[in-house]
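Undergrad: Requesting a structural model of the entry that follows:
(2 chains)
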Protein chains: 2
Amino acid sequence: MSAELKSRTESLSGRPTADAQLARALLAAVGGPPVRIALWTGESVAVREPAEATVRMRDRTALLRLLVDPDMNFGDAYADGSADVEGDLAQLIELIYRSRGRAGPLAALLRGALRLLMRPHSNTLAASRENIQHHYDLGNRFYRLWLDREMAYTCAYFPSPETGLEEAQVAKFDHVCRKLRLRAGERVIEAGCGWGGFALHAARCYGVKVRAFNISREQLAWARERARELGLQDRVEFFEDDYRNIAGRCDAFVSIGMLEHVGRGNYGALGRVIDRCLTEAGRGLIHSIGQDRGKPLNAWIERRIFPGAYPPRLGEMMQVLEPRRFSVLDVENLRLHYALTLEHWLRRFEAARDEVRAMYDETFVRVWRFYLSGSLAAFRAGELQLYQVVFNRAGSNELPWTRGYLYDAAGR
Amino acid sequence: MSAELKSRTESLSGRPTADAQLARALLAAVGGPPVRIALWTGESVAVREPAEATVRMRDRTALLRLLVDPDMNFGDAYADGSADVEGDLAQLIELIYRSRGRAGPLAALLRGALRLLMRPHSNTLAASRENIQHHYDLGNRFYRLWLDREMAYTCAYFPSPETGLEEAQVAKFDHVCRKLRLRAGERVIEAGCGWGGFALHAARCYGVKVRAFNISREQLAWARERARELGLQDRVEFFEDDYRNIAGRCDAFVSIGMLEHVGRGNYGALGRVIDRCLTEAGRGLIHSIGQDRGKPLNAWIERRIFPGAYPPRLGEMMQVLEPRRFSVLDVENLRLHYALTLEHWLRRFEAARDEVRAMYDETFVRVWRFYLSGSLAAFRAGELQLYQVVFNRAGSNELPWTRGYLYDAAGR
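TA: Model prediction:
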């Protein structure tokens, strides 16, 4: 443990117990954040003062599980209540993200040794896991409780931090349409359309024809119903199909929040699909969570929330575009916009938690609270990024002269 | 040769000669552009009508040299006058760039076979080559004839296509300063400062202190003289040193037009230098020529103009940033701005050609005309890109909320 970290341990006897020493080791293993661990024994441990949040541990098993694999097991322990947090959960996770870089190699060694010593722990979440893994099939009823009215489940665009979520999701659709320079009558293909918010907005406000693809039947049912309500059935077609089966030509290709789920091995396949569809003067936009170094997604989120998800580095995103000779025109990082989006979602989720608990159970509420808080922390701490990448075909010169038009009076 | 290409061959006898057939093979080898080849025999050959430009060949050797390696030998043949062009040279090269993708595998086979058959041709450019290779040491007197008054030898930023070159180079400095969000009193390091235009602008207009590095003694002498004239000696320091030796801390790190010369093997070294220098809340910007696929620079430009230069793919530029955990905030592709910059340079160069010829010789004039025209064509055809990449350290949240401030009343 670093000498600069102040150590403070209290126990009933005045001397640290073995459990308190384990708690200190845990804090050291994650880089010594200003966080207190309150033990079931009444002891409390901090290695940096003042502690800005407190984690309360219910028993020794929970503590040991965290020592073995804090990334994976903190979420589970929080979900089943064997760990609890006093203070702001998102802020606590951000403190850990920001301190973790300071953890020495000894900490990694310790974790490795413990992992060998301990047998796989029993999973107390078996019952709720199925619900969680089928993330997008949780049902429109659940997401309606806390998403905006367009049901946009991706990063919003806030012209200013005071913009509300409803307005910011529409502003995101608009930002994307403007980046793609959509003109009335053009054909748009959307890969991974969620509940159809973008497709409907583009058709309604930009006069384009959209063919939108998704593999979630329940989302598509919702999207088709909205298209009927808005009288847009003849301008927006929704297809229940995989992005790899997309065919036909388009003037603009857009994908918002799908690349995270495509998998690194399929970037080339996505590039081939775009190449097959896009006209010579066509434009494309990929909006995706990313990261600035090649690390797997947080283990807990990958296992409990988004199986198979991976946030690509910008260099990896180029594997979609470079082999097909697409030219990158513009990259914008909207990381703090995703943090703000998540603040809104978390607030709305907490406001609806009694309804969520009635629909599922308390564990489900805690899993989702942890997931939304952890994601918020990851975007705040720079563990995750949000990239919007605009591209066209090499040598197509129908380009806006500057990006000023994105910000003029007609825009923001 | 594709069946859709119309063939038209004229000869005095009415039947194509062997030379005319070679000329047709040459046109096919570069994808059949709408270009006519006029031979020393009086024959003229085109494979696509209407031909938009004519290349006049002086003798069979010149024609064979082009067949062996058009990329390399067209420039040399143009320079020594064994090939000449009627019409717009830049447009001709753009036509070739745009048709080249259509050249079939047979064309490559033919070129390979010819390369084996022919011995290396004697180089008629030996005398002028030394001048050309020492590109940046040609002397301030030469560049003053056709660069802007700030001597900016990199892509300008044109708020509109009508902006003049002088104003556009200052607008580029300003665009970079605004992207870096420079504040009075901050410390800036510039790697590869050319004649010092950016460093002096930043110090004068943004009140920052700049330490600027360059290895060209003649450029530095000019830059120091300008700093004295402007009374900025205490705010801008110019160092004759390699970027790898840069030390000291800075709030902003900038490099405009240096990465092209750094070499792919040194991207990690550049990243380490930036990591060593930049404060926690620091910002960085790299402005560089790039490409959308991994191809060496045009052989002729690499050999005659910029030995060792390589325009990186965006994915390759990430090798500077990702290993050190820098986050990309913004990428802007200014390809058409570089094309317009080159149009200005070419026009100014032609206006000064008598003076250039008096300083050097006619071959020198033709080499430079070919280089500027070829570069113009490459940016127009999308063979080359111009990327401005803005980054900061992972997790530093002092970010502008949107990019609108770059385009507000105070800006453009």
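Undergrad: Against residue B:55, how distant is the residue in the stretch 1-150 of chain A positioned nearest to chain B?
TA: The nearest approach of the stretch 1-150 of chain A to chain B comes at residue A:98, 6.4 Å away (Cβ to the nearest Cβ). Backbone N, C-alpha and C define where each C-beta goes, glycine included. Computed as Cβ to Cβ, to the nearest Å, the residue A:98 to residue B:55 distance reads 62 Å.
Undergrad: How about residue A:387?
TA: Residue A:387 is 44 Å from residue B:55, by Cβ to Cβ.
Undergrad: What is the neighbour count of residue A:265?
TA: A count of nearby residues for residue A:265, using other Cβ atoms under 10 Å in any protein chain shown, gives 8.
Undergrad: For residue A:316, see how far away it is.
TA: Using Cβ to Cβ, residue A:265 is found at 11 Å from residue A:316.
Undergrad: Which residues are in contact with residue A:272?
TA: Taking Cβ atoms under 8 Å, 6 or more residues apart in numbering or on different chains, we find residue A:272 in contact with residue A:324.
Undergrad: how about the strands of the stretch 151-300 of chain A, start to end?
TA: Taking DSSP state E, counting those that start in this stretch as the criterion, the stretch 151-300 of chain A carries its strands at A:187-191, A:209-214, A:236-240, A:250-256, A:278-290.
Undergrad: want to throw these into TSV with mean neighbour count, mean pLDDT and distance to chain B?
TA: TSV is the format used below for these (neighbours: other Cβ atoms under 10 Å in any protein chain shown; pLDDT from 0 to 100; distance: least, Cβ to the nearest Cβ, whole Å):
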stretch	mean neighbour count	mean pLDDT	distance to chain B
strand A:187-191	25	98	21
strand A:209-214	24	97	26
strand A:236-240	19	96	28
strand A:250-256	25	98	16
strand A:278-290	22	97	9
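Undergrad: Redo the ones you listed as CSV? Include distance to residue A:366.
TA: Listed next are the strands of the stretch 151-300 of chain A as CSV, based on distance: least, Cβ to Cβ, whole Å:
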stretch, distance to residue A:366
strand A:187-191, 33
strand A:209-214, 29
strand A:236-240, 33
strand A:250-256, 29
strand A:278-290, 23
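Undergrad: quick one: which of these is nearest residue B:379?
TA: The closest of the strands of the stretch 151-300 of chain A to residue B:379 is strand A:278-290. By Cβ to Cβ, the value is 18.0 Å.
Undergrad: Does anything pack onto the closest one? Which helices or strands?
TA: For strand A:278-290, the packing partners by 3 or more Cβ pairs under 8 Å, 6 or more residues apart in numbering or on different chains; DSSP states H and E come out as helix A:165-179, strand A:250-256, helix A:259-262, helix A:314-321, strand A:385-393.
Undergrad: Strand partners (parallel or antiparallel) of that strand?
TA: Using DSSP bridges, strand A:278-290 pairs in its sheet with strand A:250-256 (parallel), strand A:385-393 (antiparallel).
Undergrad: Format the CA atom coordinates belonging to the shortest one as CSV.
TA: Presented in CSV, the C-alpha positions along strand A:250-256 are these (Å, rounded to 0.1, in the frame of the first residue of the first chain):
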residue,chain,number,x,y,z
CYS,A,250,-29.6,4.3,-49.9
ASP,A,251,-28.4,7.9,-49.9
ALA,A,252,-27.7,7.8,-46.1
PHE,A,253,-26.8,4.9,-43.8
VAL,A,254,-27.2,5.4,-40.1
SER,A,255,-26.7,3.3,-37.1
ILE,A,256,-27.3,4.6,-33.6
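Undergrad: Right, I'll call it a day here.
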